[in-house]
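*Asks:* Got a sequence here, can you model it:
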Amino acid sequence: MKPRKKKILTAVIQEYINTADPVGSRPLSKHHELGVSPATIRNEMADLEEMGYLISPHTSAGRIPTQKAYRYYVDEIMQIRKLAESMRRDIHRGYLKAGREIDHAIAHTADALSTITNYTSVVLSPRVSRFNCKHVQIVPLIRNRVLMVVVTVEGIAKNVEVTLSQNVDNEMALRLSNALNSMLKNIALQDFGTDMVDSIADLTRAETAVLREMLPVLQETLLEEETEVTATGFKNLLNYPEFNDVDKIKNLVDVVEAKPLLAKVMVNSITHTGDDRNQIIHISIGDENDNQHLKEFSIITSTYEMNGSPMGAFGVIGPTRMNYSLVSSVLDAIREELNDNINKLLE
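*Replies:* Modelled structure (predicted):
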């Protein structure tokens, strides 16, 4: 695409993002320094329409960008710039207030994203099994049922209920808790197994048998655990004219409430190996989304890491008329802060 067409296409996209109205040559000439006459702008827009980058709604003389235009803009024109220093300071202060626990950092990330971008934010929490054990407590319930409470070094708690072949009283529960704490402390939850029981001294045969029953259930529960998804700012999308009619609102509700669908989208963003020029920020536009419910949306995601390995993802869902440049810059800044927060927590 020649530079003049590229400049005019960028102006059309920016104008449409701001107004949601079909764009004509007059507002482009008035609001953007294109250095050409309105007649030249009209001719170039006509060429862009023939090339498939613009379409003309039959109710208006103006034009709107196509999905092809947004993809070209994202891949070839848009730049991810540093956010203003004042906004970066606000984001940093927000993470300082959130504290040094993973759950708090995840919740703050979701709130900050939806507030700053005015879209719906989605954050994929890491699996508990990837964290290090800090403390285990066994609580007797009724008869042969016990509750295992696991707390990680990173500040996440998980409760697992286990039904055993024998009863466990308070005294045995305390001894088993002490034994597990000596065995599992600072070990990743996904790495422990029943073979560790053999290394524990001073346990009775009955206590050893109970541990051999409990540990596989605990490990299986943690490894098969569904990754949690936090979605915030659903009402933000109701402010956009794209979602004014009842059918689109229903579709929007279905998307936001479908946590397994959102989880799959975010997991895909972690494993994404596409050929786009920026692997840190992944952008999926309209029909590029696999699920039918997401065809009217654009999704911008990024990942956060632990020790250099992706542990979760976060992003925003909005209309295809999304401010891609701003959102990408926000995600880039939040990724930096979130990674810093997590690494300090691990230290």
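
*Asks:* how near is the residue lying closest to Gln166 once chain neighbours are set aside to Met214?
*Replies:* Once flanking residues are discounted, Gln166 sits nearest to Asn144: 6.0 Å by Cβ to Cβ, 6 or more residues apart in numbering. No exception for glycine: its C-beta is placed from N, CA and C like everyone else's. Distance from Asn144 to Met214, counting by Cβ to Cβ, to the nearest Å: 11 Å.

*Asks:* Show me whatever sits in contact with both of those two.
*Replies:* Leu164 (Cβ atoms under 8 Å, 6 or more residues apart in numbering).

*Asks:* residues contacting the residue nearest to Gln166?
*Replies:* Asn144 neighbours (Cβ under 8 Å, 6+ apart): Thr163, Leu164, Ser165, Gln166, Asn167, Val168.

*Asks:* Swap in 7 Å and give it another go.
*Replies:* Thr163, Leu164, Ser165, Gln166, Asn167 (Cβ atoms under 7 Å, 6 or more residues apart in numbering).

*Asks:* between the residues you listed, which is nearest Met266?
*Replies:* Distance ranking of the contacts of Asn144 against Met266, using Cβ to Cβ, places Thr163 first at 33.2 Å.

*Asks:* Test my guess that the closest one contacts Arg145.
*Replies:* Yes - counting by Cβ atoms under 7 Å, Thr163 does reach Arg145; the two are 5.3 Å apart.

*Asks:* quick one: Ser125 from Asn144, how far?
*Replies:* 32 Å.

*Asks:* contacting residues around stretch 94-113?
*Replies:* So stretch 94-113 is contacted by 91, 121, 123, 125, 154-156, 230, 232, 314, 316, 330, 334, 337-338, 341-342, 344-345 (Cβ under 7 Å, 6+ apart).

*Asks:* still on that earlier bit, now the residue nearest to Gln166: how far from Ala46?
*Replies:* Distance from Asn144 to Ala46, by Cβ to Cβ: 78 Å.

*Asks:* again, but for Met78
*Replies:* Distance from Met78 to Ala46, by Cβ to Cβ: 24 Å.

*Asks:* Looking at those two, which is more packed in?
*Replies:* Met78 (19 against 14; other Cβ atoms under 10 Å).

*Asks:* so how far is Leu180 from that one?
*Replies:* Applying Cβ to Cβ to Met78 and Leu180 gives a distance of 52 Å.

*Asks:* same thing with Thr40?
*Replies:* 76 Å.
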